[in-house]
Each structure stands twice: as structure tokens, then as C-alpha cells.
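*Asks:* Here is my input, please return the structure:
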Amino acid sequence: MEQEENPQVADLETPTDPIIAPEEQEADRGFDVALRPKSLDDFIGQAKVKENLSIFLEAARGREEACEHVLLYGPPGLGKTTLAHVIANEMDAQVKITSGPALERIGDLAAILTNLDDGDILFIDEIHRMNRSIEEVLYPAMEDYALDIIIGKGPTARTLRLDLKRFTVIGATTRLSMVSAPLRDRFGAVFHLDFYGSEEMALILNRSARLLELSVDPKPLELIARRSRRTPRIGNRLLKRVRDYAQVKANNVMSEEIVECALESLEIDPLGLDKTDRRTLRILIEKFNGGPVGLTTLAAASAEEIDTLEEVIEPFLLQEGLLARTPRGRVATDAAYLHLGFTPVEKQDTLEL
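*Replies:* Just a heads-up that it's a prediction; the model follows:
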């Protein structure tokens, strides 16, 4: 199946540490595509989403029509882009890819929409970053499969309506709250992707290892799975780094000992925290007595961007129970103290200073 990629796709910001960053990295793009599932049966995890999607797509195929517009949201690296390609494969449709920031002018969107054929899928990544003027052009296209173009200005201006083929928009976002209500309402199906469990991560890495023709036992893969921050993209990236380490240091043998050495070399601890995560928690504990402290103050003290803290570092720390949000700010939990080697007594002494 042909899959076209729009050259206008915007580059993502480079996070603090690309090893554990959930965003896609340019260097890993081909690697990620090679491991991408092609069907719902191959897609591991997100059971409820898969169940609903299966019914949704089967019904559309039964009616021999394009499926309704789909909005996928959740943290980065969990499979939103992969699911968009899976939907295209299941519907035997071509998928064309762009992103919210890449659609700078109405003409950009018009050029894409007028070149879509019946049943084609338009995947819009980071849809929450789309310009509002572009959204207003997209509304009638999604509802009525028509494109309204204003020709001229002032009293002589007139509207030209172009009919479009029936197509499907799949939007992906990490910030559902930033998608405007009128745009959200035009999606017939909205699915939330959540973090994966350790067993699901082990299955994903086992599948990736088979595709990469790696001879590795389940135990080493479980070690990588536990440090993958419950995110498939990070797990596959770690698998790639461990494979390189084993090739150079152990003649391609990925034993438990080699995996441990590789992950220690990458400074990723048993919970999946890297040095930036640990430094953030240590600053919160040592400089601010465990909190509460505001995000802006924490960003200044750790020399990190606020967006990096909020979108890359904080979500996983919250999921692991190492950080808590309160009305007064961020607070390090007991689990954070214990993980960094502080005892409850030391915590109490710190808070009394």
C-alpha cells in the first residue's frame, strides 16, 4: 500500500534526552516504521480501543464507505501514528500525513484536500496546533465534503464551493484540551491511548526482537520493558541501543548481564528514570524540602524549559507516584525519597529545616 508523507510536516522540538524522550526522533524514524504493526491483530495493548475500533471499521467496510473521522489523544510515543496507519491498512486506504503547524495557509490545506480520493485518510499530527483560520476551512470539508474558497475582497468577494471526495480525517494530539470544541465535535470517534503495562511492553519488545532477527531470551527483554517508561517508542529505542552495546561488547549476545550493563551505561535506573528525572526530584527534595513548589520555580532551579518539565519529565513521574500535583505546587512523594536513597527520618529532618 502506498503511503505519502507531506514534506511540510513540522520538526518536533528536541527534548532534553532523546534516549527516553517519547517524541519521535529523526534518526529513529526508519527504525520505528520497520517495527510498526500493520493490522489490529498485530497491535499489542490498548485492548478497549482496539475492540471499539474493530467494530467501527468493520461496520464501515460493511457499508462500503469511508469510516468516520477519528481523534486519537494521549501522551507521545503510545501509538497514535501507528494506529492511523493500522486504520488505513484495515480500510485498504491510502494515508497522507501532515501536521497542525505545517498547515500555515488555507492554500496548504486546500491543495491536500482536493487531491484526496474516495476513502483516503488524512492524518493530522499535533492537530491542537492548527491555526484557527485553517480549522474554519476544515469544518465544512469534514461535515459536507466541500471546500469553501473566498475569491476576491470587499463587496466583490464571492464564495466558490468545491466538492470533495469522501475521505477520513484522523487527528492526533497530546493536548485534547487545546483542541477547540467545534473541531472536537466533528470527530465521530474519540479514543484515548494510555500508558502500557509491563506485560504488554514485554510482548511489544518480543515482537520487535523477532522482526529485528535478534536471538534474545524473555528475561533480558523484561529488563528493558521495565525501564521503558511504559512507552513502546522508548522501549524500541532502548532495544536498539542495547543491541548496539551487545554487538560491540558481547559478540551480539544479549544476556541479562549485558542488558544491565547497557542500561547502566545509558544512566537509566530500574524504574526507567534517567539522570534528568533524578536531578529534578533531587532538586525538589534538597532545595525545596520536597515542595510544594511552582512549576516555574522548579524549571528555573533545574535549568529546564517549563514545557520540557510539564510534557516530558512530569507525566512519567506522576504515573510512577514519585511526584504529586497540589494546589500549591509540585511535591515529592515518599516513593521519590526512598528511590533516591533518603529514609523517612531524613525526609522529616529535611522538612523541619
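*Asks:* Name the residues of the lengthiest helix in the chain that come out as buried.
*Replies:* In the chain, assigned by DSSP state H, the helix with the most residues is helix 232-249. Of all the residues in helix 232-249, those buried under the rule 16 or more other C-beta atoms under 10 Å are 232-243, 245-246. Backbone N, C-alpha and C define where each C-beta goes, glycine included.
*Asks:* for stretch 106-124, same thing?
*Replies:* 106, 108-110, 112-113, 116, 119-124.
*Asks:* and the residues you listed, which of them are in helices?
*Replies:* Checked against DSSP H, the buried residues of stretch 106-124 include these in helices: 106, 108, 109, 110, 112, 113.
*Asks:* Quick check: the second one vs residue 102, distance?
*Replies:* In this case it means residue 108. 7 Å (C-beta to C-beta, to the nearest Å).
*Asks:* got it, and the third one?
*Replies:* Between residue 109 and residue 102 the computed distance is 10 Å (C-beta to C-beta).
*Asks:* for the last one, same thing?
*Replies:* Relative to residue 102, residue 113 is positioned 14 Å away (C-beta to C-beta).
*Asks:* Could you list the domains of this structure?
*Replies:* Domain ranges of the chain: 3-192, 198-265, 275-352, per automatic domain parsing.
*Asks:* want to throw those into CSV with mean pLDDT?
*Replies:* Shown next, in CSV, are the domains of the chain (pLDDT from 0 to 100):
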stretch, mean pLDDT
domain 3-192, 81
domain 198-265, 88
domain 275-352, 82
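*Asks:* Can you tell me which of the ones you listed is packed in deepest?
*Replies:* Across those, the average number of neighbours (mean count of other C-beta atoms under 10 Å) peaks for domain 198-265, which reaches a mean of 19.
*Asks:* Centre of the chain to it, how far?
*Replies:* 20 Å (C-alpha atoms, centre = their mean, to the nearest Å).
*Asks:* Also stretch 123-131?
*Replies:* On C-alpha atoms, centre = their mean, the centre of stretch 123-131 falls 13 Å from that of its chain.
*Asks:* Quick check: residue 318 touching residue 330?
*Replies:* No. Look at residue 318 against residue 330 with C-beta atoms under 8 Å: they stay out of range, at 9.4 Å.
*Asks:* list residues touching both of these two?
*Replies:* residue 324 (C-beta atoms under 8 Å, 6 or more residues apart in numbering).
*Asks:* got the residue ranges for the helices in the stretch 201-350 of the chain?
*Replies:* Using DSSP state H, counting those that start in this stretch, the helices assigned to the stretch 201-350 of the chain run over residues 218-226, 232-249, 256-265, 275-286, 295-302, 306-308, 314-319, 334-339, 344-352.
*Asks:* I should have written the stretch 51-200 of the chain there, sorry.
*Replies:* All helices of the stretch 51-200 of the chain, identified by DSSP H, counting those that start in this stretch, fall at 80-90, 106-113, 132-144, 181-184, 198-211.
*Asks:* Can you add distance to residue 341 and give these back as JSON lines?
*Replies:* What follows is the helices of the stretch 51-200 of the chain, written out as JSON lines (distance: least, C-beta to C-beta, whole Å):
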{"stretch": "helix 80-90", "distance to residue 341": "37"}
{"stretch": "helix 106-113", "distance to residue 341": "53"}
{"stretch": "helix 132-144", "distance to residue 341": "49"}
{"stretch": "helix 181-184", "distance to residue 341": "45"}
{"stretch": "helix 198-211", "distance to residue 341": "24"}
